[in-house]
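**Q** Make a model of this:
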Amino acid sequence: MNKSLSPQTIAVLAASIAALLSTVLVALFTEDVLISVLNFLLVFALCYVLFFLLLKEFIYEKIKLIYRSINKYKTQGSTDLVALGKRSNDPLSTVSREVTGWMMENRNEIESLKEQENFRREFLGNISHELVTPIQSIQGYIHTLLDGALEDKKVNRLFLKKASNSTERLVELVNDLTSINALEGNKVPLKIEAFNLVTLCHEVLELVENKTQEKKTKIRLKKTNPKTVMVKADRAKVRQVLVNLIVNAIKYGKQDGNVLVGFYDLDKNILTEITDDGDGIAEEHLPRLFERFYRTDKGRSREEGGSGLGLAIVKHIIEAHNQTVSVRSTVGQGTTFGFTLEKG
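**A** Numbers count the residues shown, from 1 in each chain. This next block holds a predicted model:
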């Protein structure tokens with residue numbers, strides 16, 4: 001196995017060669033052996049010191065620093081990497097800066113890939129769970145009917161209705177997945193038009209009326225709201241946003257609770273806020289609330305129904321309009337979702 005030459009060895013070899021060449025030249029002009037020997041020793045000593053300092057201080061130490069950075073990066077995954085000679089223009093300093101820059105960039109890419117892999121794993125786990133639940137329900141009801149319940153008039157229609165409900169939930173999940181994939185891929189062009197947001201809100205309230213009756217929820221528009229709030233946006237997409245947020249407020253609000261819709265003028269934009277008086281959301285959940293399938297209380301959330309994609313769809317639609325969506329909540333008091341749209 002070959003061993004790397006040390007700076008001392010290289011300096012000795014280089015000094016020896018220089019001293020020999022110098023001695024040969026001196027011997028050509030003089031036959032004095034003593035002068036030749038002194039010349040050899042003097043040149044050897046000077047060249048050895050010179051070569052050793054050059055190799056050790058300007059080359060070897062710098063290469064060792066680069067090597068240590070690479071080794072530290074490989075073994076510890078450290079992001080605390082130091083490039084030598086940041087203000088120097090010598091070639092080794094340039095190489096060091098480029099190597100360090102490459103390692104930092106590579107580290108960022110690896111971290112990004114790890115995050116994506118974790119997100120993919122979590123997403124697959126969530127979607128598998130979401131799909132399995134309605135599929136198992138449908139399967140169970142059908143098998144029960146085939147095993148004899150189909151002839152029992154007391155339960156056959158009940159089981160078919162429950163299987164139908166599970167099918168509808170499955171269809172809702174698939175439709176939401178299709179919708180969010182299209183939004184993420186910018187495959188759905190926005191049809192921007194001017195419209196009255198108040199009118200659209202009344203349409204949505206009529207649409208969700210059956211849900212409000214189930215929980216006896218009272219939805220009202222803020223008294224100070226103007227009768228006309230003109231915005232420029234994709235009307236169908238904003239309708240989807242309002243449906244998701246209002247239905248969400250009904251689901252997680254109190255029985256016999258209240259939902260308040262307010263519009264606020266923000267100079268160039270209109271802020272719409274939907275507020276419920278439910279249990280509220282703990283602060284640690286708020287940053288992840290718009291992630292796909294993220295649920296603060298998984299058991300209760302699935303009992304309430306829904307695909308788990310509603311808030312993620314809301315976020316993508318609003319961001320597609322180059323606007324923002326936000327949430328604030330106080331445990332025990334309620335939650336407020338807000339989003340902005342450009343004035344019409």
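**Q** Can you give me the distance of residue 252 to residue 261?
**A** Residue 252 is 16 Å from residue 261, where distance means C-beta to C-beta, to the nearest Å. In short, each C-beta sits where N, CA and C put it, glycine included.
**Q** So if I had to pick from these two, which one is more boxed in?
**A** Applying other C-beta atoms under 10 Å to residue 252 and residue 261 shows that residue 261 carries more neighbours, namely 23 against 20.
**Q** Can you list the strands that the host helix or strand of that one pairs with?
**A** In this assignment (DSSP states H and E), residue 261 forms part of strand 258-266. Here strand 258-266 is paired, per DSSP bridges, with strand 218-221 (parallel), strand 269-276 (antiparallel).
**Q** and those strands, which is most packed in?
**A** The highest mean neighbour count among the strands paired with strand 258-266, using mean count of other C-beta atoms under 10 Å, belongs to strand 269-276: a mean of 20.
**Q** one step back: which of the strands paired with strand 258-266 has the lowest mean pLDDT?
**A** Lowest mean pLDDT within these: strand 218-221, at a mean of 90.
**Q** Could you export it as PDB, CA atoms only?
**A** This file holds the C-alpha atoms of strand 218-221, laid out as PDB (Å, rounded to 0.1, in the frame of the first residue of the first chain):
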ATOM      1  CA  LYS A 218     -76.300  30.000  13.300                       C
ATOM      2  CA  ILE A 219     -74.300  31.600  10.500                       C
ATOM      3  CA  ARG A 220     -74.500  35.400  10.100                       C
ATOM      4  CA  LEU A 221     -72.600  38.100   8.300                       C
END
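**Q** Just checking the distance from that strand to the centre of its chain.
**A** Distance of strand 218-221 from its chain centroid, counting by C-alpha atoms, centre = their mean, to the nearest Å, is 36 Å.
**Q** what residues does it touch?
**A** With contact meaning C-beta atoms under 8 Å, 6 or more residues apart in numbering, strand 218-221 is reached by 198, 201, 205, 208, 212, 246, 250, 257-262.
**Q** Can you pull out the low-pLDDT segments for the chain?
**A** 1-5, 7, 56-108, 110, 112, 115-116, 118-127, 129-130, 185-187, 295-307 (pLDDT under 70).
**Q** Do a quick rundown of the helices in the stretch 201-344 of the chain.
**A** In the stretch 201-344 of the chain, the segments counted as helices under DSSP state H, counting those that start in this stretch are 209-215, 235-252, 298-304, 310-320.
**Q** Skipping adjacent residues, who's closest to residue 260 in space?
**A** Residue nearest to residue 260 in three dimensions, not counting chain neighbours: residue 275, with 4.6 Å by C-beta to C-beta, 6 or more residues apart in numbering.
**Q** can you put the strands paired with strand 258-266 in TSV and add distance to residue 325?
**A** Converted to TSV, the strands paired with strand 258-266 look like this (distance: least, C-beta to C-beta, whole Å):
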stretch	distance to residue 325
strand 218-221	20
strand 269-276	10
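**Q** Identify whichever of these lies nearest to residue 16.
**A** Residue 16 sits nearest to strand 269-276 of all the strands paired with strand 258-266, at 79.7 Å, using C-beta to C-beta.
**Q** now the strands for the protein?
**A** For the chain, applying DSSP state E gives strands covering 192-196, 218-221, 230-234, 258-266, 269-276, 325-330, 334-343.
**Q** how about the ones you listed, which one is nearest residue 10?
**A** Across those, residue 10 has its closest neighbour in strand 325-330 (64.7 Å, C-beta to C-beta).
**Q** Show me the contact partners of that closest one.
**A** Here strand 325-330 makes contact (C-beta under 8 Å, 6+ apart) with 280-281, 283, 286, 289-290, 314-315, 318-319, 335-340.
**Q** Strand partners (parallel or antiparallel) of it?
**A** Checking strand 325-330 against DSSP bridges gives partners strand 334-343 (antiparallel).
**Q** Can you give me the buried ones in the strand it pairs with?
**A** 334, 335, 336, 337, 338, 339, 340, 341, 342 (16 or more other C-beta atoms under 10 Å).
**Q** Many thanks, have a good one.
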